[in-house]
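Peer 1: pasting the structure only:
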């Protein structure tokens with residue numbers, strides 16, 4: 001398990017419904033115990049509408065390079081997982097394919113399609129043509145001793161600001 005996944009898995013405490021994931025009070029759903037991670041998740045959720053306004057093609061699929069992190073599982077067995085590709089079903093509901101194999105949960109597979117409500121999204125990221133990664137708030141929170149431009153783990157350096165400036169115009 002990567003260091004970032006360990007940080008998220010240990011720091012997030014949730015009461016999540018079974019799949020398919022359905023809406024409930026986000027406050028009951030997400031209770032990060034690590035202040036830095038709590039702030040990262042809050043910032044990711046605050047900027048999520050901006051991300052969602054820019055990442056869908058005409059068919060409702062997230063564009064290449066875009067991913068969202070959701071929490072899957074229920075009870076004490078919960079795990080953050082990246083989902084891509086993902087699709088918007090309506091204003092608040094999505095489905096997507098699990099990118100990685102959960103380390104603590106059984107019954108999930110890489111590529112498995114899951115349906116989920118927007119409140120389950122705890123992070124987002126996109127790798128743009130400028131070679132930078134935007135979003136990735138959880139990754140940024142896990143790298144307090146590393147400059148953002150040097151911290152990306154998959155070959156795309158993190159942008160200086162999480163939201164592309166062109167998206168804020």
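Peer 2: Looks like it arrived, so ask away. From a predicted model like this one, the values you see are computed outputs, not experimental measurements. Residues are numbered from 1 along each chain as shown.

Peer 1: what about the helices in the protein?
Peer 2: Assigned by DSSP state H, the helices in the chain fall at 3-11, 26-29, 35-54, 137-141.

Peer 1: Between those helices, which has the poorest mean confidence score?
Peer 2: Lowest mean pLDDT of the helices of the chain: helix 26-29, a mean of 35.

Peer 1: quick one: the closest residue in space to residue 53 that isn't next to it in sequence and residue 75, what's the gap?
Peer 2: Spatially, and ignoring its direct neighbours in sequence, residue 53 is nearest to residue 167 (7.6 Å; C-beta to C-beta, 6 or more residues apart in numbering). All C-beta atoms are positioned from the backbone trio N, CA, C, and that covers glycine. Distance, residue 167 to residue 75, by C-beta to C-beta, to the nearest Å: 37 Å.

Peer 1: From the contact counts, what lies against the top strand by length along the chain?
Peer 2: Looking across the chain with DSSP state E, the single longest strand is strand 77-88. In terms of contacts (3 or more C-beta pairs under 8 Å, 6 or more residues apart in numbering; DSSP states H and E), strand 77-88 is packed against helix 3-11, strand 66-74, strand 93-98.

Peer 1: Which positions in it come out as buried?
Peer 2: 78, 79, 80, 81, 82, 83, 84, 86, 87, 88 (16 or more other C-beta atoms under 10 Å).

Peer 1: can you tell me which residues contact the fifth one?
Peer 2: Right, residue 82. By C-beta atoms under 8 Å, 6 or more residues apart in numbering, residue 82 lies in contact with 67, 68, 69, 98, 99, 100.

Peer 1: Neighbours of residue 129, how many?
Peer 2: Neighbour count for residue 129, taken as other C-beta atoms under 10 Å: 6.

Peer 1: By mean pLDDT, which helix or strand of the chain comes out lowest?
Peer 2: Here the helix or strand of the chain ranked lowest by mean pLDDT, DSSP states H and E is helix 26-29, holding a mean of 35.

Peer 1: residue contacts, the most centrally placed residue in the chain?
Peer 2: Centroid check for the chain by C-alpha atoms, centre = their mean gives residue 69 as the closest residue, at 2.1 Å. Contacts for residue 69 (C-beta under 8 Å, 6+ apart) come out as 8, 44, 80, 81, 82, 83, 121, 122, 123, 124, 125, 138.

Peer 1: Just name the closest of the buried residues of strand 77-88 to residue 117, please.
Peer 2: residue 88 (11.9 Å; C-beta to C-beta).

Peer 1: I'd say the closest one and residue 52 touch.
Peer 2: Yes: the pair residue 88 / residue 52 is scored as a contact, 7.4 Å apart, by C-beta atoms under 8 Å.
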